[in-house]
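Undergrad: 3D model of this:
(one chain, ligands or ions: 2)
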Amino acid sequence: MHNSTKEWVGSLIRAHVSSSHQNRLRIAPSLCIYDEPLVGFVSGADPLWVQYKAIIGEFHPTPAELFRETTGNTVGGNDLTVISWILPFTHTIVSSNATQTDGPSEYWAHGRRDGEVYNDLLRAYVAAELTGAGFEAIAPVLGPGFTTLTDEQIGLASTWSERHAAYAAGLGAFGLSGGLISRRGVAMRCGSVVARLKLQAARVTRPKRRGYCSFFQDGSCRACASRCPAAAIRRDRGAHDKARCQEFSRSIRARIEKLYGIPGGESSGCGLCQTGVPCSERIPSGISPVLS
Ligand code: SF4
Ligand code: SF4
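TA: Ligands and ions are numbered 1, 2, ... in the order given. This is a model prediction of the structure:
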């Protein structure tokens, strides 16, 4: 992929985020859900995709496997590029949740829900634009094979991890809370498409897997664990208990529906571990990123 193609894809995504009326809170249409996105690229042949089979699970496909399963076309990893983006929640939404203690703020709950509807729209848009320009593209989480599952080793998982795709594209590093800390912080959502495009340079410079989290640097911080009302972030083991987190989300659904009028209280995640913490909107100060 030439730099001009990368620039074109990046500006396509940034322009959509800045102009789409779907990137607005339905309860407060003057407010955007997401700020300007970060966009990264990684070759389908990057060795990390194969390593993910050991890290995430055998069920997690390489881009080439996913492309074949979805389109029926066999394409080498070298001829595929994963385009990943980070959508940082706006400061208004993040700060509204920063003082919450036992559940999400109204803006966070709505932003989390409306924001993922928008993210799906963006996934479909980027895939369609690329395909229209002659670069066949798919959005993994919108594909027919995408599903969530419970794995014996790692617990709750999905057949395409947007966070791991963003890490592969050099957009961030994992924190104690399990979130991906990007240059714009951990309070964000991410998305990706796989396109039939060849990257010129196959190698991406990325941080160490946990290189942006203070806890993994020197054992300090742990603010996300202290903020979690479900004790789902285990300081001792450095792990995020996704089942416990989901159980807590379920337990507050009736309250969310009653308080904020969200049908069924569907909002997936209170986000307390991503707000009111040093990595909410930036890489924590004092961190010197180590690149792998
Ligand atoms: S709040 Fe602190 S310990 Fe938790 S992920 Fe962020 S930097 Fe790491
Ligand atoms: S989103 Fe989950 S892990 Fe994070 S604070 Fe809420 S319950 Fe805890």
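
Undergrad: in this protein, which ranges drop under the pLDDT threshold?
TA: Counting by pLDDT under 70, the chain shows low-confidence ranges at 1-2, 200-202, 235-238, 265, 267-268, 289-292.

Undergrad: what parts of it come near ligand 2?
TA: 177, 227-228, 230, 232-233, 240, 245, 248, 269-273 (Cβ under 6 Å from any ligand atom). To be clear about C-beta, it is placed using only N, CA and C from the backbone, and glycine gets the same treatment.

Undergrad: which one of those residues is nearest ligand 1?
TA: Nearest to ligand 1 out of the residues of the chain next to ligand 2 is residue 177 (Cβ to the nearest ligand atom; 4.6 Å).

Undergrad: just to revisit the earlier point, how about the residues of the chain next to ligand 2 in TSV, adding neighbour count and secondary structure?
TA: Formatted as TSV, those follow (neighbours: other Cβ atoms under 10 Å; DSSP: H, G, I helix; E, B strand; the rest coil):
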residue	neighbour count	secondary structure
177	27	coil
227	21	helix
228	20	coil
230	18	coil
232	23	coil
233	26	strand
240	21	strand
245	22	helix
248	20	helix
269	16	coil
270	28	coil
271	28	coil
272	26	helix
273	29	helix
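
Undergrad: what's the closest non-adjacent residue to residue 175?
TA: residue 213 (4.0 Å; Cβ to Cβ, 6 or more residues apart in numbering).

Undergrad: where's the one you found relative to ligand 2, distance?
TA: Noted for residue 213: a distance of 14 Å to ligand 2, by Cβ to the nearest ligand atom, to the nearest Å.

Undergrad: SS state for the nearest residue to residue 206 once chain neighbours are set aside?
TA: Once flanking residues are discounted, residue 206 sits nearest to residue 170: 4.0 Å by Cβ to Cβ, 6+ apart. Of the three states, residue 170 takes coil according to DSSP: H, G, I helix; E, B strand; the rest coil.

Undergrad: residue 276 too?
TA: coil.

Undergrad: residues near it, how many?
TA: 20 (other Cβ atoms under 10 Å).

Undergrad: Provide the backbone phi and psi angles at it.
TA: phi 70, psi 20 (degrees, to the nearest 10).

Undergrad: check contacts around residue 210.
TA: With contact taken as Cβ atoms under 8 Å, 6 or more residues apart in numbering, residue 210 is in contact with 173, 174, 175, 216.

Undergrad: ramachandran angles for the second one?
TA: Put plainly, it is residue 174. phi -80, psi 140.

Undergrad: list the contacts for the closest residue to ligand 1 within the stretch 1-150 of the chain?
TA: Relative to ligand 1, the nearest point of the stretch 1-150 of the chain is residue 98 (12.0 Å; Cβ to the nearest ligand atom). Contacts here follow Cβ under 8 Å, 6+ apart; on that basis residue 98 touches 275, 276, 280.
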